[in-house]
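> fold the following, please.
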Amino acid sequence: MDSPLIRPFAGLRPRRSDAAAVAAPPYDVLSSDEARQAAIGKPLSFLHVSKAEIDLPRAVDHYAPEVYAKSAENFQRMIQLGVLQRDQRPSYYAYRMIMDEHVQTGLVAAASVAAYESNRIRKHEYTRPDKEDDRVRQIEALNAQTGPVLLAHMDDEQAEALLAQATAGLPDTDVLTDAGVRHLLWCIDDDRTIAQLSQVYNRMPTLYIADGHHRSAAAARVAAARRPPATTAATTGGSAEFFLSVIFPARQMRILDYNRVVRDLNGYSEAEFLAAVARCCSVQPCTEPCRPDRPTVCGMYLNGRWYRLEFPAAWLASADPVHSLDVSLLAENILGPVLGIGDLRRDTRIDFVGGGRGLAELERRVDSAEMAVAFAMCPTPMAALMRVADAGQVMPPKSTWFDPKLADGLVSHVLD
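Residues are numbered from 1 along each chain as shown. All right, here's what the predicted structure looks like:
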């Protein structure tokens, strides 16, 4: 743990008067069509940077060179207009999100690529090469990281106390987004507090990637490509050796369900499918939408009717942290052997619906005949995610949906 885990940086931020107009959902939450709609009448929305295809003809491929060129053009225009302004000195930033009764407060910092490469910053998902390539091209086009990686740390009273002090005054940024989430940001630029935060966070043994595996992997690739020959991340210390992150205490983070919808019943009739499912778990009809209330339980929506599925509780006792996950129980007992879906990352017959869209979205997808069956999952606990990461394993795709989501555009990390 010789190299720093995090360090301050001179953030690029919207001026106070433009912050609400700039703040946007993360690039990977909205489809291109949804982003086009969301950006109507919002010329300063960061969607023009993070999803620049919305400013080009629909026929243009989302990964075409002109998309990244347009992103860079829009980014530079916002800087030239003074909408985005860079802080004069390296700073940390306290970041708070408030959604209804839920509140979480974390630290915006530049996280170490060296720590990522040594597994001190731990992963729990595979990445897709095409998605990595997309983020690499975006970083290189802008010479900046604009989408923060969501990180978590174990309980640390001193870290939380320092952030409580830093957020005692009025925030520099206070934005309420269309999603109903309030985003507040405080710039921490005094030497004493910066030193204290650096000391407390850099002594942490590990951080966990909650969301942003493609962003962190892309940042590591950009760093490696920019290193002088015969040097390592730990020795160069350049800005590219750190990536934009927001670090929250794990206990404050909220994970919603990440549900599954499947296009067909793999040749089974409805009765045959129900019988096949009943061979691996109990199946009980429900008179209302079934939202799972505990592990080993999931809801199933089929032909206008909800069912409660319950797997044997003993299956949770598996010593393997991945096999004991509810998403694994469903995949290994129903999605694979019954529905014939072996590769959740590539099979086009399955899709995933974040819990923020509600169970009504599952009903809509099935009732429209777009999908044949839907499964409502119990949210994956944060502790389970960390167990998987500590074991050096990976979770099934789309196992966690963190909510609320960070806003893009409130702080960017410029590479010098």
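
> all contacts plus neighbour counts: C-alpha atoms, from now on.
OK.

> surely Val60 forms part of a helix?
No: with DSSP: H, G, I helix; E, B strand; the rest coil as the criterion, Val60 is assigned coil and is not in a helix.

> if I read this right, it contacts Glu53, doesn't it?
Yes: assessed by CA atoms under 8 Å, Val60 is found in contact with Glu53 at 7.3 Å.

> tell me which of the two has more neighbours.
Glu53 (26 against 13; other CA atoms under 10 Å).

> re earlier: between Val60 and Glu53, which contacts overlap?
Shared between the contact lists of Val60 and Glu53 (criterion: CA atoms under 8 Å, 6 or more residues apart in numbering) there are no residues.

> give me the pLDDT for Ala179.
Per-residue confidence for Ala179 comes out at a pLDDT of 89.

> would you map the strands across the stretch 301-416 of the chain?
Read by DSSP state E, counting those that start in this stretch, the stretch 301-416 of the chain holds these strands, from start to end of the chain: 305-310, 350-354, 373-376, 401-402, 413-414.

> looking at those, which is buried most?
Of all these, strand 373-376 carries the top mean neighbour count, a mean of 26, counting by mean count of other CA atoms under 10 Å.

> walk me through which strands that strand pairs with, and which way each runs.
Using DSSP bridges, the strands paired with strand 373-376 are strand 258-262 (antiparallel), strand 297-302 (antiparallel).

> give me the residues contacting it.
Residues external to strand 373-376 that are found in contact with it (CA under 8 Å, 6+ apart): 257-265, 290-292, 298-303, 359, 362-363, 366.

> show me the domain layout of the protein.
Recorded structural domains for the chain (assignment: automatic domain parsing) are 6-254+404-414, 258-378.

> ends of the first one, how far apart?
End-to-end distance for domain 6-254+404-414: 16 Å, by CA to CA, to the nearest Å.

> quick one: residues contacting Leu406.
By CA under 8 Å, 6+ apart, the contact set of Leu406 is 25-26, 97, 148, 150.

> what ranges does the stretch 201-350 of the chain have for its helices?
Counting by DSSP state H, counting those that start in this stretch, residue ranges of the helices within the stretch 201-350 of the chain are 213-226, 233-236, 270-278, 326-330.

> dump the C-alpha coordinates for the last one into PDB.
Just to be clear, that refers to helix 326-330. These are the backbone C-alpha positions of helix 326-330, laid out as PDB (Å, rounded to 0.1, in the frame of the first residue of the first chain):
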ATOM      1  CA  ASP A 326     -30.500 -15.300  -6.100                       C
ATOM      2  CA  VAL A 327     -29.600 -14.300  -9.600                       C
ATOM      3  CA  SER A 328     -27.400 -17.400  -9.800                       C
ATOM      4  CA  LEU A 329     -30.200 -19.700  -8.400                       C
ATOM      5  CA  LEU A 330     -32.500 -18.400 -11.100                       C
END
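
> who's in contact with it?
Around helix 326-330, the neighbours that count as contacts under CA under 8 Å, 6+ apart are 295-297, 311, 322-323, 377-378, 380, 396, 399.

> so what does the longest strand anywhere in the chain touch, helix or strand wise?
What stands out as the longest strand in the chain, according to DSSP state E, is strand 102-112. When contacts are defined as 3 or more CA pairs under 8 Å, 6 or more residues apart in numbering; DSSP states H and E, strand 102-112 packs onto strand 6-7, strand 92-99, helix 157-166, strand 242-249.
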